[in-house]
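Participant: Got a sequence here, can you model it:
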Amino acid sequence: MGFEPMSVWWTLYALQAYAFDLSAISPHKGYYNGLYSSCQPIYMIKFLMYKEVVMKKLFGTDGIRGIVNEVITPKLSVKLGNALGRFYNGEHTKVLIGMDTRGSGDMLSSAIASGASSAGMNVEIIGILPTPSLAYLTKKYNCLGVMISASHNPAIYNGLKVLENGKKISDFNEVQLEKLMEEGYNYTTYSQIGKIDYRPDLKQDYVNYVVNEYKNTDFIKDNIVVDCAFGAASAVVSEVFGKLGIYAEYNFTDYNGININEECGSMNPEILSKMLKDNQIGILFDGDADRCLFVLSQNRIINGDMLLSMNAQKMLAENRLNKQTVVATVMSNLGFENSLKSNEIELKRTKVGDKYVLQNMIENEFSLGGEQSGHIIFFDKNTTGDGLITALETLNTLKKLQINLDEFYSEFPVYPQILKNIPVVDKKMVMQNEKIIDSLEKYGENKNIRIVLRPSGTEPLIRIMVEGRDENEVENITNKLIELVEEILDE
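Facilitator: Prediction:
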């Protein structure tokens with residue numbers, strides 16, 4: 001097969017832990033596709049026998065995403081629905097369709113439903129609800145789901161995310177769906193055409209589940225201000241909080257199809273922060289409510305690392321933290337890792353993407369994991385990042401551990417970290433450039449610096465993260481990497 005001389009174990013380890021474009025593994029120690037990691041070294045492997053499995057063209061780290069009627073079109077949606085019906089024929093008979101508040105959701109849901117029905121799959125269109133709500137329903141009813149959402153992106157974007165039994169489907173299955181979509185349509189006989197029903201009532205199953213799960217739980221119940229991002233959180237949060245006796249002020253709930261995430265939500269925490277009084281706590285959701293952040297006045301953001309840290313302490317005390325371990329990505333701050341260590345909690349890191357956090361959690365039976373961005377998975381409550389459950393767990397943690405959030409924020413150890421996004425047309429070209437590889441290898445020799453340089457899985461961006469003990473050094477290296485990427489783009 002033309003493999004470089006190395007053990008089969010290393011081959012499979014690399015495939016399992018880091019595979020997302022095996023055609024482009026760097027020949028340098030410690031790098032994978034330009035993504036620097038402090039994990040064990042990986043060397044150049046040609047992986048010819050696996051290349052077909054992981055070379056995705058449409059699906060990114062969070063489904064298919066792009067501008068509506070340019071990338072995300074009715075035609076693409078019909079093809080995806082048809083491919084789902086064909087690929088899962090004999091395994092599933094039903095697909096649930098949910099959406100956030102984007103105006104394009106109805107158009108795309110109709111297209112997906114038509115495609116799936118034409119291939120013999122029954123369809124139930126739920127309407128507006130959070131992504132984690134749909135994940136819960138696909139697990140409850142042992143079926144497929146398609147979530148129509150572009151998460152934190154503006155309304156001009158939309159996305160198609162496929163779920164199965166509560167979880168995002170595997171990379172392998174995404175590739176198989178792409179193959180079927182490329183082949184074109186395949187219709188079932190007229191007598192086998194699937195039925196299409198409208199089931200907005202199913203949203204209540206999720207609401208009832210969450211309320212029942214937390215009905216005997218103590219929370220901080222006042223001085224709470226919520227930002228629903230003009231998104232899917234608007235459909236469930238006030239009802240759940242109300243039934244649990246949590247008194248909150250709700251903002252950015254009057255969605256109109258085009259204002260989702262517009263100057264609000266988890267991507268714009270400073271907006272809600274300016275509205276807060278000193279004694280108030282802000283809760284931020286994104287467009288599809290699978291992430292949650294907290295914020296205080298003066299734009300003091302309680303990010304995913306901080307939320308994971310405090311909730312891990314509570315779960316450890318409750319004997320809910322399996323193996324005293326938390327799973328996070330390479331983007332999480334070293335200060336967070338040290339915070340966990342001080343409480344005798346271990347951190348396991350994965351590549352970026354909540355689906356890879358979940359994969360690690362399932363494989364190793366861990367119960368808590370997430371991302372700095374606020375995607376947090378409480379695996380004993382739901383099988384995906386769930387903003388509402390994150391909010392409830394955190395309000396309970398603040399009450400149970402008597403945490404003063406102002407003091408927690410000021411005392412939490414945070415290493416200097418800079419995150420930058422650079423717009424590009426050809427992400428692969430940049431990541432495979434020898435100048436990038438050589439620079440990452442040089443900086444990798446510095447033990448006081450941690451670098452992640454990676455292609456975005458959802459947008460045409462190269463993402464750069466530099467972290468270290470010295471703020472000036474972090475800023476200097478970040479600027480040099482930005483200049484290098486821009487130089488490559490100008491060649």
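Participant: Where does the prediction get shaky in the chain?
Facilitator: The model of the chain has pLDDT under 70 over residues 1-55.
Participant: what do you get if the cut-off is 80, keeping everything else the same?
Facilitator: 1-56, 447, 457-458, 491 (pLDDT under 80).
Participant: Tell me the spatial nearest neighbour of the spatially most central residue of it, not counting adjacent residues.
Facilitator: In the chain, the C-alpha closest to the average C-alpha coordinate belongs to residue 354, at a distance of 4.2 Å (C-alpha atoms, centre = their mean). Sequence neighbours aside, residue 375 is the residue nearest to residue 354 in space, at 4.2 Å (criterion: C-beta to C-beta, 6 or more residues apart in numbering). C-beta: built from backbone N, CA, C; applies to glycine.
Participant: Tell me who's in contact with that neighbour.
Facilitator: Residue 375 sits next to 290-291, 304, 354, 357, 385 when contact means C-beta atoms under 8 Å, 6 or more residues apart in numbering.
Participant: Sitting in helices, which of those do you find?
Facilitator: Where these overlap with helices, as defined by DSSP state H, the overlap consists of 304, 354, 357.
Participant: Could you single out the nearest of those to residue 99?
Facilitator: Proximity of those to residue 99, judged by C-beta to C-beta, is greatest for residue 354, which lies at 19.4 Å.
Participant: Could you pull up the residues touching that closest one?
Facilitator: Applying C-beta under 8 Å, 6+ apart, one finds that residue 354 lies in contact with 62, 290, 370-371, 375, 377, 384-385.
Participant: repeat that with 7 Å
Facilitator: With contacts taken as C-beta atoms under 7 Å, 6 or more residues apart in numbering, residue 354 has the following neighbours: 371, 375, 377, 385.
Participant: can I get the residues you listed in CSV with secondary structure and distance to residue 480?
Facilitator: As requested, the contacts of residue 354 are arranged in CSV below (DSSP: H, G, I helix; E, B strand; the rest coil; distance: C-beta to C-beta, whole Å):
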residue, secondary structure, distance to residue 480
371, coil, 26
375, coil, 30
377, strand, 35
385, coil, 34
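Participant: ok, so of those, who is nearest residue 188?
Facilitator: Distances from residue 188 to the contacts of residue 354, taken by C-beta to C-beta, are shortest for residue 385, at 34.9 Å.
Participant: Number of residues surrounding that closest one?
Facilitator: Applying other C-beta atoms under 10 Å, we find 30 residues neighbouring residue 385.
Participant: for the one 10 residues further on, same thing?
Facilitator: The tally of other residues near residue 395 (other C-beta under 10 Å) stands at 24.
Participant: you'd agree it is up against residue 219?
Facilitator: Yes. With contacts defined as C-beta atoms under 7 Å, residue 395 counts as touching residue 219 at a distance of 4.2 Å.
Participant: Give me the common contacts of the two.
Facilitator: With contacts taken as C-beta under 7 Å, 6+ apart, the residues that reach both residue 395 and residue 219 are residue 246.
Participant: check contacts around the residue nearest to residue 246 when sequence neighbours are not counted.
Facilitator: Leaving out its chain neighbours, the residue that sits closest to residue 246 by C-beta to C-beta, 6+ apart is residue 221, at 5.0 Å. When contacts are counted by C-beta under 7 Å, 6+ apart, residue 221 touches 245-247.
Participant: Among those, find the one with the greatest number of neighbours, please.
Facilitator: For those, neighbours tallied by other C-beta under 10 Å; top is residue 246, 20 neighbours.
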